[in-house]
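> Return a 3D structure for these sequence lines:
(one chain, ligands or ions: 1)
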Amino acid sequence: MQHDKIAVVDFGGQYAHLIATKVRRAHVLAEIRQPEDPDEAFAGFKGVILSGSPSLASFGEDADWNKGILDLDVPVLGFCFGHQEIAKHYGGTVVHGKQEWGHADLHILQDHPLFAGLDKVEQVWMSHFDSVTAVGPDFTELGWSVLGEGAEPHRYAAIGSDRLRRYGFQFHPEVDDTLHGDAMIANFARKICGCRPTWTMEKFVDEEVQRIRDRVGDRSVFLLASGGVDSTVAAKLFAEALGPGRLKLLHVDNGLMRKDESRAVCAMFADLGLGDDFHFVDASDAFLAALEDKIEPEAKRRAIGDTFIAVFEGEARRLGLQDHLLGQGTIYPDTIETGGTKRADTIKTHHNRVPIIEEMIAAGKVVEPLADLYKVEVRELGAKLGIPHEMIWRHPFPGPGLGVRLLCADGHVPDADLLARIAPAVDAIAAEAGLRAAPLPIRSVGVKADLRSYEHPVLFHGQADWATLKQLAGRVFKTVGGLNRALWNLTDTMPRSFLPLAAGMTRDRLELLRECDHIVMEALRRHGLYDQVWQCPTVLVPLEIDGQGRELCIVRPIRSERAMTATAAELPPALLADLRRDILALPGISGLTYDLTSKPPGTIEWE
Ligand code: XMP
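Numbering: from 1, shown residues only. The predicted model follows:
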């Protein structure tokens, strides 16, 4: 069936994708479009939403987008930057200033279908430097906002022209901090654009099953089954579409799996009734050989991705499956964070977006039935397909596995001058709260204003409550350059020195990390917190702090909804005490720290 759909124009913020999911939650299909796309790219849409952007409308930044979008004969709604562009285009004024950041109260001035079912005052989320200070002749003010008691009211927080069918919100209805943002987006899609709510998971299954059948024809699909949620759900969907005998599954032990993971994965696929054409290969030697001399995160990711393909092709030959299509459980965020949209920087190359795979995609040899879905939607789909709850709610685990959680180094201090320069500044910030701090001579990947960063962590030491620690982390990122992570020391003393060790991806180090990770996972389960944290990477860093050549372990519990953004999760003292007892007892470990970093500026994985 033809679904009514909304185009979301991506001005560079990751928020565009959040908007798209929120439209889909209202059972209306949404697709992402680029600002420079021609008018024809918008054919068939019943409405358009312009996303926010890191650019400043007052300075005319990003002004070269296709304004023809505003001549389309469908309703258009803009958020933040999009709101300002709409105001400007129709004769309003946008100035640099009157910035707002945080929760605000939106005072709604009239009964309007956009706000149907809502209160006269609604909590909204603001994050902007520019502001609309006047609107053009056709427009009226639909609402104003105020950040807190005593603050000055901010006019034109919501504007609109029913004659032109153009609307703008200064706030971000797509983030959860705008309490009824979902309703506002649903109102726009359904009441203003007249979209029918036909896009449901049942429909998705029916249509995707048909699409798979059309794509695959009388061929078969060969799928790498990691045991993770995405590839498992994809396997079930392929099996549903293709029937018995046309889906071959391969589980590769790349040596970068969790403790006993491969054995558990084989058992799981048997339980799911997919064990008949399930193959297993231990390729850990090949992966470790490819990683032997790799230190830089992107180099490691590429080596892992390429080895997956080499192993896959070898196995396909061995099993006589060369003509099969490659099935992948790629989901939407995997493609965008690899730079899949024009304006998104490459933050990390996901293992299913390495060059060889890109070539296979271009040659039409890859089927990715989940490529338009976000994790929450994949889980909903998994439940529909009858996959048990514990499997669907397993924490996400990256394709390159422990390969991106075991940091490697050549023993040199990177950026020694920078570290020496910022050390007094970070210590001074910590001292204000009675703590100590030092920047560490290692680097990890992060994301700042949608761009990739490869910078240093800062380590805080001392007693403080959670709020203080989070606040310190936020302050240090704002005031000191060169940092993208904040750690809290979980041992009793502040280490006196930090020296990078020369350390590569060896079996021994992987074994040590596996043991640390196992201790963390078991502790989360024992304390009943496994389902409450989104994910909890455990990371091993070759950093000597006790003069005995032993390494530093980092625990990174996070809360998240879609992995596009995340915050550090607070763990209770009893659990931390267990981790201290069990991890510090491992020979080879000299220190234990807690990652306090949100995303941005850190990413969830360290590399
Ligand atoms: P980052 O570290 O980019 O992670 O904030 C976002 C989410 O993606 C997972 N991740 C991966 N998943 N292949 C995957 O299938 C990969 O190469 C990969 N890298 C990161 C990460 O665990 C988190 O859930």
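> can you give me phi and psi for Ala270?
Phi and psi for Ala270, reported as degrees, to the nearest 10, are phi -60, psi -40.
> I'd like to know the beta-bridge partner residues of the nearest residue to it once chain neighbours are set aside.
Nearest non-adjacent residue to Ala270, counting by Cβ to Cβ, 6 or more residues apart in numbering: Phe278, 7.3 Å away. Every C-beta, even on glycine, is put in place using the N, C-alpha and C of the backbone. On the basis of DSSP bridges, Phe278 is bridged to Leu249.
> can you check His461 too?
Assigned bridge partners for His461, using DSSP bridges, are Arg436.
> packing partners for the host helix or strand of Arg581?
Using DSSP states H and E, Arg581 sits in helix 573-583. With contacts defined as 3 or more Cβ pairs under 8 Å, 6 or more residues apart in numbering; DSSP states H and E, helix 573-583 has these neighbours: helix 507-526, strand 589-595.
> Now the longest one: buried residues?
Put plainly, it is helix 507-526. 509-510, 512-521, 523-524 (16 or more other Cβ atoms under 10 Å).
> Stretch 414-422 too?
Here stretch 414-422 shows 419, 422 as buried, counting by 16+ other Cβ under 10 Å.
> which residues sit against it?
413, 439, 441-443, 456, 480-483, 500 (Cβ atoms under 8 Å, 6 or more residues apart in numbering).
> Drop anything exposed from those residues.
439, 441-443, 456, 480, 482-483, 500.
> returning to that earlier point: residue contacts, the residue nearest to Ala270?
225, 249-251, 266, 269-270.
> Same check on Ala523?
575, 578-579, 582.
> from those, which is closest to Ile295?
Nearest to Ile295 among the contacts of Ala523: Leu579, at 27.6 Å, using Cβ to Cβ.
> Spell out which residues of the stretch 251-400 of the chain are next to the ligand.
334, 337, 348, 350-351, 396, 398-400 (Cβ under 6 Å from any ligand atom).
> Buried subset of the residues you listed as a ChimeraX selection?
Provided next is the ChimeraX selection string for whichever of those are buried by 16+ other Cβ under 10 Å:
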select :334,337,348,350,351,396,398,399,400
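> Now go through the residues of the stretch 251-400 of the chain next to the ligand and say which are in helices.
Per DSSP state H, helices hold the following members of these: Asp334.
> Save the residues of the stretch 251-400 of the chain next to the ligand as TSV, and put in pLDDT too.
Below are those laid out as TSV (pLDDT from 0 to 100):
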residue	pLDDT
Asp334	77
Glu337	59
Lys348	71
His350	76
His351	73
Pro396	91
Pro398	92
Gly399	89
Pro400	94
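> just checking, Gln452 touches Ser444?
Wrong residue type there; residue 452 is Arg, not Gln. No: distance between Arg452 and Ser444: 11.3 Å, which falls outside the contact criterion (Cβ atoms under 8 Å).
> The two: which is more packed in?
Neighbours were counted for Arg452 and for Ser444 using other Cβ atoms under 10 Å; Ser444 has more, 25 against 18.
> in the sheet, who's paired with that one?
Bridge pairing for Ser444 - DSSP bridges - gives Glu455.
> The chain should start at 112 in everything you say after this.
Renumbered: residue one is now 112, and that last one reads Ser555.
> show me what contacts it?
Contacts of Ser555 by Cβ under 8 Å, 6+ apart are 408, 518, 565-566, 568, 595-596, 713, 717-718.
> filter the residues you listed to the buried ones?
The buried subset of those (16+ other Cβ under 10 Å) comprises 408, 518, 566, 568, 595-596, 713, 717-718.
> which among these gets closest to Ile219?
Using Cβ to Cβ, Gly713 comes nearest to Ile219 of the buried ones among the contacts of Ser555, at 37.0 Å.
> circling back to that earlier point, out of the contacts of Ala634, which comes closest to Pro248?
Leu686 (60.7 Å).
> nearest residue to that closest one other than its sequence neighbours?
His638 (4.7 Å).
> Tell me, how many residues neighbour the one you found?
Quick note: His638 (other Cβ under 10 Å) scores 14 neighbours.
> Pull the number of nearby residues for Ala141.
Under the neighbour criterion other Cβ under 10 Å, Ala141 is assigned a count of 28.
> Return the per-residue confidence for it.
At Ala141, the pLDDT value in this model is 93.
> and what of the one 10 residues further on?
Predicted confidence (pLDDT) for Glu151: 97.
> and Gly416, what does it touch?
Gly416 touches 460, 462-465, 467-468, 510-511, counting by Cβ under 8 Å, 6+ apart.
> switch to 7 Å and redo it
462, 465 (Cβ atoms under 7 Å, 6 or more residues apart in numbering).
> isn't there a helix covering it?
Yes: counting by DSSP: H, G, I helix; E, B strand; the rest coil, Gly416 is found in a helix.
> can you list the residues of this structure near the ligand?
Close to the ligand, as judged by Cβ under 6 Å from any ligand atom, the chain has residues 445, 448, 459, 461-462, 507, 509-511, 646, 674, 710, 714-716.
> Which member of those is positioned nearest Glu662?
Checking these one by one against Glu662 (Cβ to Cβ), the nearest turns out to be Glu716, at 17.8 Å.
> Would you mind naming the helix or strand containing that closest one?
Short version, using DSSP H and E: Glu716 is in no helix or strand.
> any idea how far it lies from Gly557?
According to Cβ to Cβ, to the nearest Å, Glu716 and Gly557 sit 10 Å apart.
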